[in-house]
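1. let's see this in three dimensions:
(4 chains)
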4 protein chains.
Amino acid sequence: MARSDFRFAHSLRVRWAEADMQGVVFNGHYLTYFDIGVTEYLRDLCGGDAERLKEAFERMYVVKSTVEYRSPARFDDVIDVCVRTARLGGSSMRVLLEIHRDNELLVEGENIYVFADQGRSQRVPDAMRALIRAFESTKPEE
Amino acid sequence: MARSDFRFAHSLRVRWAEADMQGVVFNGHYLTYFDIGVTEYLRDLCGGDAERLKEAFERMYVVKSTVEYRSPARFDDVIDVCVRTARLGGSSMRVLLEIHRDNELLVEGENIYVFADQGRSQRVPDAMRALIRAFESTKPEE
Amino acid sequence: MARSDFRFAHSLRVRWAEADMQGVVFNGHYLTYFDIGVTEYLRDLCGGDAERLKEAFERMYVVKSTVEYRSPARFDDVIDVCVRTARLGGSSMRVLLEIHRDNELLVEGENIYVFADQGRSQRVPDAMRALIRAFESTKPEE
Amino acid sequence: MARSDFRFAHSLRVRWAEADMQGVVFNGHYLTYFDIGVTEYLRDLCGGDAERLKEAFERMYVVKSTVEYRSPARFDDVIDVCVRTARLGGSSMRVLLEIHRDNELLVEGENIYVFADQGRSQRVPDAMRALIRAFESTKPEE
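-> Numbering: from 1, shown residues only, chains lettered A, B, ... in the order given. As a prediction, the model looks like this:
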């Protein structure tokens, strides 16, 4: 995908503690960046309503991650974490993620989430479903 | 796969700092556990030769990770990281990983590595190839 | 202090993700090592009773840390985290920590803990107090 | 000290992965926040000259940290890391650090750095010394 396929991106700067002896970001940290990206995406959708964000986020459990590392991020790089909901199921959602540095794609992947409360799967809350649909509606479904 | 399909496992204990507000391990840390598992797998294959291990490890770059989270690990759990090389290509290797707590499968996934030196892909070193083949030879190829 | 002043030590191996671009452990991780050391020290004192350990650990809040970095730990080093309770107050305890690699002192410091429940300070539990006193009784108080 | 004693502050948001089972930031992460604060402080002093920043930062080794935890930061908090050079020695510098959330002091501490190249201590670079003196000159020395 091109970066223009994403309506949402969050910028962050790579920390010293995140680069390893090879001078590149340790691969596990990209899942932290994904997590931050999804948090900020939901914050944006919730219009900054921290309470609603927290409620949503605490019930979302990631069940699968895929990460493809194309080119490494390095200490002090400013990177953009691009986030897009590609599919909204009954109790699950599939979120596509890309990390760019300027116009270069560094990492791409996805997280699949299920909604659950105390171990039992739950329907994606209707309010959240509506917000995501409205936000992503200008994008073609896959 | 059953755990018996793995000839190598490394045990570790979940740290306080790795469990999040949901009381479960933050998902990015599983890639750290994968990384530790692969390091110990190679150490075992190298017969404890730290120099050879370091040489190998510094040229291995992970290009893709997949992680499926089935059941969460928690603070203080002792978990087993199971490691197996499923495919050895010219310059790449595919490593299967599972994390178990006692007899319960918690996480499964894989890392695909390429060997490279200063950005150029390299053949998997012959000595390492031989060690892996010998170690895994009692397992059926996928 | 000499290492012989500590009756308890816990060994661990430095992870790849913990070494930075200078090839040495990022300084914040030493507080993680301290935390692991104190957990294992308490586990040892509790005779492996995980429930009691968890109860104690969840009420301990660190209020001050001091860390002196004398010589760096590196990837793959096996290090010993030495732990000793130097002072037991009404609701607080002062724990001395040292990190050694073989006979070399790498890091020394201390954590001061207070016991609290829902924000109110609590007396150090008598059972724990007795265990610590018995364990450290062969050491001179500072 | 009052927050007004600091001429520099850097804001950041607490990540999900940084809060522990007690719902508060794991104490080791405050040293990461300190490190980020010092990086941004130096970036500011270097006028955004990334090359100069990197040169300086790669030769600075922290030799001592002190951290006092007064009140916990929590997931999603926006916190300000306040940074001030309190003393500039021949080859060392003492940096005071405070973390605030709005008008509340959460954490205070300091890092002492020495400049070194390949293990030998070095004079703090004159250009950097001048920048720090100029920046902090409106503050009283301790």
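2. can you show me the helices along chain A?
-> For chain A, the helices defined by DSSP state H cover A:29-45, A:50-59, A:126-136.
3. could you list the buried residues of the shortest one?
-> Judged by neighbour count (16 or more other Cβ atoms under 10 Å in any protein chain shown), helix A:50-59 contains these buried residues: A:52-54, A:56-57, A:59. Just so you know, the C-beta spots here come from the backbone N, C-alpha and C atoms, and that holds for glycine as well.
4. elements contacting it?
-> Counting contacts by 3 or more Cβ pairs under 8 Å, 6 or more residues apart in numbering or on different chains; DSSP states H and E, helix A:50-59 is packed against helix A:29-45, strand A:104-117.
5. the inter-axis angle of it versus strand A:104-117?
-> Compare the direction of helix A:50-59 with that of strand A:104-117 by axes from the mean of the first three to the mean of the last three Cα atoms, to 10 degrees and you get 90 degrees.
6. touching helix A:50-59 from outside, list them.
-> Residues from elsewhere that reach helix A:50-59, judged by Cβ atoms under 8 Å, 6 or more residues apart in numbering or on different chains: A:39, A:42-43, A:46, A:115-117, A:122, A:125, A:127-128, B:21-22, D:16, D:75-76.
7. most tightly packed of the helices and strands packed on helix A:50-59?
-> helix A:29-45 (a mean of 22; mean count of other Cβ atoms under 10 Å in any protein chain shown).
8. just the mean pLDDT for it, thanks.
-> Per-residue pLDDT over helix A:29-45 has a mean of 96.
9. again with stretch A:122-134
-> When pLDDT is averaged along stretch A:122-134, the result is 91.
10. which residues touch the residue of chain A positioned farthest from its centre?
-> Centroid-distance maximum for chain A: residue A:21 at 26.7 Å, with Cα atoms, centre = their mean. Residue A:21 makes contacts with B:58, C:16, C:19-21, C:23, C:75, as judged by Cβ under 8 Å, 6+ apart.
11. let me have these in JSON lines, adding pLDDT as columns.
-> Listed next are the contacts of residue A:21 as JSON lines, based on pLDDT from 0 to 100:
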{"residue": "B:58", "pLDDT": "79"}
{"residue": "C:16", "pLDDT": "94"}
{"residue": "C:19", "pLDDT": "96"}
{"residue": "C:20", "pLDDT": "93"}
{"residue": "C:21", "pLDDT": "88"}
{"residue": "C:23", "pLDDT": "88"}
{"residue": "C:75", "pLDDT": "92"}
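12. quick one: buried ones out of those residues?
-> Judged by 16+ other Cβ under 10 Å, buried ones among the contacts of residue A:21: C:16, C:19-21, C:75.
13. farthest pair in those residues?
-> C:16 and C:21 (12.8 Å; Cβ to Cβ).
14. which neighbours do these two share?
-> Counting by Cβ under 8 Å, 6+ apart, the residues touching both residue C:16 and residue C:21 are A:20-21.
15. closest to residue B:82 out of the helices of chain A?
-> Each of the helices of chain A has some distance to residue B:82 by Cβ to Cβ; the shortest is helix A:29-45, at 20.2 Å.
16. surely residue A:36 meets residue A:11?
-> No: applying Cβ atoms under 8 Å as the test, residue A:36 and residue A:11 come out as separate, 10.4 Å apart.
17. quick one: contacts for the residue nearest the centre of chain A?
-> Centroid-nearest residue in chain A: residue A:38, 3.4 Å away (criterion: Cα atoms, centre = their mean). Contact analysis of residue A:38 by Cβ under 8 Å, 6+ apart lists A:83, A:95, A:97, A:111.
18. list just the nearest of those to chain D.
-> residue A:111 (12.9 Å; Cβ to the nearest Cβ).
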